[in-house]
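[1] have a look; sequence and predicted model below, questions after that.
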Amino acid sequence: MKSFISQGVQILATGSAVPSVSLNNDQISKIVETSDDWIFTRTGIKERRLLTGNQQSVIDLATVASARALDKISMNPAQLDLIILATSSPNDLFGSASQVQFEIGAINAVAFDLTAACSGFVLGLVTAVQYLRTGSYSNALVIGADVLSKWVNWSDRTTCILFGDAAGAVILQSCSTIDNSILDFQLNTDGNYSNYLSIQYQIDDYPHPLLNLYQGSFKFISMNGKEVYKFAVSQVPLSILKCLNNLNMSVNDIDWLLLHQANERILKAVAEKLSISDNKIIANLGKYGNTSAASIPLALDEALANNKIANNDIIVIAGFGAGLTWGTIIIRWKSSQLK
């Protein structure tokens, strides 16, 4: 292990993966009582991707996204020191990161899962940055991946219209402080409202006859959409402003606002509170819906592929969701970061 020294962190590459099966709003209207117009006007979502069949899991999406990021910079996966898989839908409750590590051939990397739902990628990114800044590790892979279609009640139109499956990945590397691109972060949790968005464990009615031990199983996604909206619109702008203030920056310095892709109304309401024009919002939820921990890295990868982001652009990234948790990361993009 290296000595504890202060270093910068840069983003070397991004990658993403989505299932091939698409489910649009008209198709959903054949499953539950709804319509394309009802869904789109309330969420901004037109379709979402689903990981169908019984042979694939979140590991497959995470592996593809990671491999694509590695390929962009021709990095040997054995160079990775750390893998963090942010997911709330693991293939194994003991963790799925180790399986991704094996699949991509990252034989030297320690790998672990991080569970924070829609804030998972932001928390995973901040966690990896701490390891790199201290010099403990040199190269890290952070993945946001979820297959919440497996946890949706497809007879509940308040939730089944929202979620889709995807994975996104970024490769980070320690660097000189001059080349640092992760400028600041700010994280929060308020467990008092955890019931607003959850997948709760339900205990069976009858205990084991000899042990008086109650077992059970997890239920479907439960969400209080109105309260989640109020929470996001009130707290996310405050988190962003606090982060900007720490850097002596203003809202006018922001080139791109990349929020967790939960609902178009939330994206626009947060931007409006900050007096940020809509043309600075990075959004792709119309095609993919709410992909939870995958939404931010997926949108970032697409924005880079479409040449939206230029050298020295300031990107404000904010995640929010179950917990309730929320957080902000401010990045100064370097065009040389992505090779």
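    That came through, no problem. It should be emphasised that the depicted structure is a prediction, and the values quoted were computed from it without experimental measurement. Residues are numbered from 1 along each chain as shown.
[2] which strands or helices does the worst-scoring helix or strand of the chain on mean pLDDT pack on?
    In the chain, no helix or strand scores lower on mean pLDDT, DSSP states H and E than strand 216-218, which sits at a mean of 87. Packing contacts for strand 216-218, counted by 3 or more Cβ pairs under 8 Å, 6 or more residues apart in numbering; DSSP states H and E, involve strand 201-203. All C-beta spots, glycine's among them, are computed from the backbone N, C-alpha and C.
[3] strands paired with the least confident helix or strand of the chain, and their directions?
    strand 201-203 (antiparallel) (DSSP bridges).
[4] now the strand it pairs with: mean pLDDT?
    The average pLDDT within strand 201-203 is 89.
[5] which parts of this protein are helices?
    Along the chain, the stretches classed as helices by DSSP state H are 25-28, 36-43, 58-72, 97-104, 120-133, 157-160, 225-246, 264-273, 285-288, 295-305.
[6] residue 314: which of those is closest?
    Residue 314 lies closest to helix 225-246 among the helices of the chain, at 9.4 Å (Cβ to Cβ).
[7] what's the angle from that closest one to helix 36-43?
    40 degrees (axes from the mean of the first three to the mean of the last three Cα atoms, to 10 degrees).
[8] output the contacting helices and strands for helix 225-246.
    strand 182-189, helix 264-273, strand 314-321, strand 325-332.
[9] of all those, which one comes closest to residue 145?
    strand 314-321 (14.2 Å).
[10] what comes into contact with the least confident helix or strand of the chain?
    151, 199, 200, 201, 202, 203, 204 (Cβ atoms under 8 Å, 6 or more residues apart in numbering).
[11] and stretch 93-107, by the same measure?
    Residues outside stretch 93-107 that contact it (Cβ under 8 Å, 6+ apart): 57-59, 62-63, 66-67, 70, 77-78, 80, 83-85, 87, 90-92, 109, 111-113, 141, 143.
[12] need the buried ones from those residues selected in PyMOL.
    Here is the PyMOL selection string for the buried members of the contacts of stretch 93-107, based on 16 or more other Cβ atoms under 10 Å:
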select buried, resi 57+58+59+62+63+66+67+70+77+80+83+84+85+87+90+91+109+111+113+141+143
